[in-house]
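Engineer: when you get a sec, could you give me coordinates for this:
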Amino acid sequence: MIPAKLRDALALGLALSCGQALAAEVTIACGSVGSDVEICRKMTDEWAARSGHTVRIFVTPNSSTDQLALYRQQFGAGSGEVDVLMVDVVWPGIVKQHLVDLAPHAREARKEHFPSIIANNTVDGKLLALPWFTDAGVLYYRGDLLKKYNARVPATWNELTATARLIQDGERAAGNRDMHGFVFQGKAYEGLTCNALEWVASFGGGTIVEPDGRISINNAQAAKALDLAASWPGNIAPKNVVSFAEEEARGVFQNGNAVFMRNWSYAWVLAQRADSKVKGRIGMTVLPAGDDAGKGGRGAATLGGWNLAVSRYSKNQAAAIDLVLYLTGKDAQKKRALLVGSLPTHPALYKDADILKSAPYYGQLLDVFNAALVRPSTVTGDKYNAVSSAFWNAAQSALGARGNGTDAVRKLEKDITRVRRGAAW
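Structural biologist: Below you'll find the predicted structure:
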């Protein structure tokens, strides 16, 4: 018979051995914009303490375009370096063969999210990602400067252009030579697709490729929108706005050197921090409408947001799936909303008293989502990236005054037709 003390020691040793064997290190790519990494580390540490696993943060490039290129490189090599990936709302159809089907593990959890986002993330019957936070383009403005110049929040893009010029010139004359009227994402990447789609759709110019597969971009309203945008760089916007992504635009605005900014909701909390030069001086609203309401012009905001997926090449799939379920759950999304102002994908949280007290503007953003634009990623499938690339290059060509809007949309129609390579997608 084994003595009791020895038996207990052996049992403890076996338990510790099994615990070590079951413990895993999960690597997550959870962004690099704003406070993404900071909040990701905080929340994954909480999961690690609960689960007994450890987490390593994999920092990705700022640009979503560069992130996708990095993921594709890793997928091509069959690399399991990253277990959990942050996936843009337009990517599930592009990288579908490289992601784990989460449907068997999220039968109840999937019911708690906005159905439209779950549908977006479901390809060929497989749930390839769970929603982490959603978003849409919004307009930030300097409320103090609008009041100073007796100007109102612009309702149209032409009104924004005129107001931006008025205040920019006035502030420069008063001594701030670095003041600009408007900053946005003008770099040749997916962010410019989001911005330019808002311009085009707000003028009634369609959504590049319509849900029925028709290539619609070659029209007078789309050309008019691009011509207006082309007047901004070097006028009301910095000349180098064509190199701006989200963080470059936020940096100029948050340092007090822009009247208006187009960005995502994440910038609100950062602009209200103690070190922000515009703390307490800003407002946020829906993006302006085009000036041709009779031709379908309206305010338009591109739907954004990010999801979490598990790589098919992960060697720690069980732990990775558990981490995804934790981070996308209602409690974790509430914490993220309170900490950084991200927009939950759980409809119930928009009625949460704590969130509404912290961010009363959530009610206004629901109106934005009701009119949000979906990029044509579903209809174009795995060709979306090529379509988007052609669109952002055409938009940047217009911004750089290399041709005009009419030439840009005519050439773009031909380029997208070549991408399609047939009568249907």
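Engineer: per-domain residue ranges of this protein.
Structural biologist: 24-136+304-362, 138-302+374-420 (automatic domain parsing).
Engineer: now render those domains as CSV, adding mean pLDDT, distance to V368 and mean neighbour count.
Structural biologist: Every residue, glycine included, has its C-beta placed from N, CA and C. CSV is the format used below for the domains of the chain (pLDDT from 0 to 100; distance: least, C-beta to C-beta, whole Å; neighbours: other C-beta atoms under 10 Å):
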stretch, mean pLDDT, distance to V368, mean neighbour count
domain 24-136+304-362, 93, 5, 19
domain 138-302+374-420, 94, 5, 20
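Engineer: need the longest strand for this protein.
Structural biologist: Criterion DSSP state E: the longest strand present in the chain is strand 301-310.
Engineer: does anything pack onto that strand? Which helices or strands?
Structural biologist: Under the contact criterion of 3 or more C-beta pairs under 8 Å, 6 or more residues apart in numbering; DSSP states H and E, strand 301-310 touches strand 84-88, strand 130-136, helix 190-202, helix 317-327, strand 372-373.
Engineer: so G381, which of the three states?
Structural biologist: Assigned state for G381: helix (three-state reduction, DSSP: H, G, I helix; E, B strand; the rest coil).
Engineer: give the contact list for it.
Structural biologist: By C-beta atoms under 8 Å, 6 or more residues apart in numbering, the contact set of G381 is G93, I94, W425.
Engineer: and if we set it to 7 Å?
Structural biologist: G93, W425 (C-beta atoms under 7 Å, 6 or more residues apart in numbering).
Engineer: now L99, which residues is it bridged with?
Structural biologist: S311 (DSSP bridges).
Engineer: just checking, it touches L127?
Structural biologist: No. L99 is beyond contact range of L127, at 9.4 Å (criterion: C-beta atoms under 7 Å).
Engineer: helix, strand, or coil at Y350?
Structural biologist: Y350 ends up helix, using three-state DSSP.
Engineer: correct me, but it touches L365?
Structural biologist: No. Using C-beta under 7 Å, Y350 and L365 do not qualify as a contacting pair, with a distance of 8.8 Å.
Engineer: ends of stretch 109-121, how far apart?
Structural biologist: 14 Å (C-alpha to C-alpha, to the nearest Å).
Engineer: contacts for it, please.
Structural biologist: 89, 92, 127-131, 134, 305, 307, 325, 329-330, 345-347.
Engineer: between those, which sits nearest K224?
Structural biologist: Comparing the contacts of stretch 109-121 against K224 with C-beta to C-beta places V89 closest, at 27.8 Å.
Engineer: do I have it right that that closest one meets G305?
Structural biologist: Yes. In this structure, V89 is within contact of G305 by C-beta under 7 Å, at 4.9 Å.
Engineer: with adjacent residues omitted, what lies nearest to W392?
Structural biologist: L192 (4.2 Å; C-beta to C-beta, 6 or more residues apart in numbering).
Engineer: how close does the one you found get to A229?
Structural biologist: Separation of L192 from A229 (C-beta to C-beta, to the nearest Å): 10 Å.
Engineer: hey, where'd the helices end up in the stretch 251-400 of the chain?
Structural biologist: Listed in chain order, the helices found in the stretch 251-400 of the chain under DSSP state H, counting those that start in this stretch are 266-271, 317-327, 330-340, 353-358, 362-370, 377-380, 384-399.
Engineer: report the angle between the second one and helix 330-340.
Structural biologist: By that I understand helix 317-327. Taking axes from the mean of the first three to the mean of the last three C-alpha atoms, to 10 degrees, one finds that helix 317-327 is oriented at 60 degrees with respect to helix 330-340.
Engineer: what angle separates helix 317-327 from strand 84-88?
Structural biologist: 50 degrees.
Engineer: what's helix 317-327 packed up against?
Structural biologist: strand 25-29, helix 36-51, strand 84-88, strand 301-310 (3 or more C-beta pairs under 7 Å, 6 or more residues apart in numbering; DSSP states H and E).
Engineer: likewise the fourth one?
Structural biologist: Contacts defined by 3+ C-beta pairs under 7 Å, 6+ apart place helix 353-358 against helix 330-340.
Engineer: could you give the separation of the helix it packs on from the chain centroid?
Structural biologist: 17 Å (C-alpha atoms, centre = their mean, to the nearest Å).
Engineer: quick one: contacts for A103?
Structural biologist: Counted by C-beta under 7 Å, 6+ apart, A103 has contacts K126, L127.
Engineer: mind redoing it with 10 Å?
Structural biologist: A103 is in contact with R110, I118, T122, G125, K126, L127, L128, counting by C-beta atoms under 10 Å, 6 or more residues apart in numbering.
Engineer: quick check: it vs T122, distance?
Structural biologist: 8 Å.
Engineer: where do the strands of the stretch 101-250 of the chain begin and end?
Structural biologist: Using DSSP state E, counting those that start in this stretch, the strands assigned to the stretch 101-250 of the chain run over residues 122-123, 126-127, 130-136, 138-142, 180-183.
Engineer: T65 contacts C194, doesn't it?
Structural biologist: No. T65 is beyond contact range of C194, at 11.5 Å (criterion: C-beta atoms under 10 Å).
Engineer: joint contacts of these two?
Structural biologist: Common neighbours of T65 and C194 (C-beta under 10 Å, 6+ apart) are S388, W392.
Engineer: who's in contact with stretch 331-339?
Structural biologist: 35, 38-40, 42-43, 46-47, 112-113, 131-133, 269, 325-329, 342-346, 348-350, 352, 354-355, 357-359, 362.
Engineer: ok, and the closest non-adjacent residue to I167?
Structural biologist: V259 (4.8 Å).
Engineer: same question, I208
Structural biologist: I217 is the one closest to I208 (C-beta to C-beta, 6+ apart), at 5.0 Å.
Engineer: and the one you found, what does it touch?
Structural biologist: 197, 200, 205-210, 223, 226, 387, 390-391, 394, 408-410, 412-413, 415-416.
Engineer: got it, and T193?
Structural biologist: 64-65, 90, 185, 208, 302, 375-376, 384, 387-393, 395.
Engineer: try it again at 6 Å.
Structural biologist: Counting by C-beta atoms under 6 Å, 6 or more residues apart in numbering, T193 touches S388, F391, W392.
Engineer: how near is A398 to L412?
Structural biologist: 10 Å.
Engineer: kindly report the same for T380.
Structural biologist: 14 Å.
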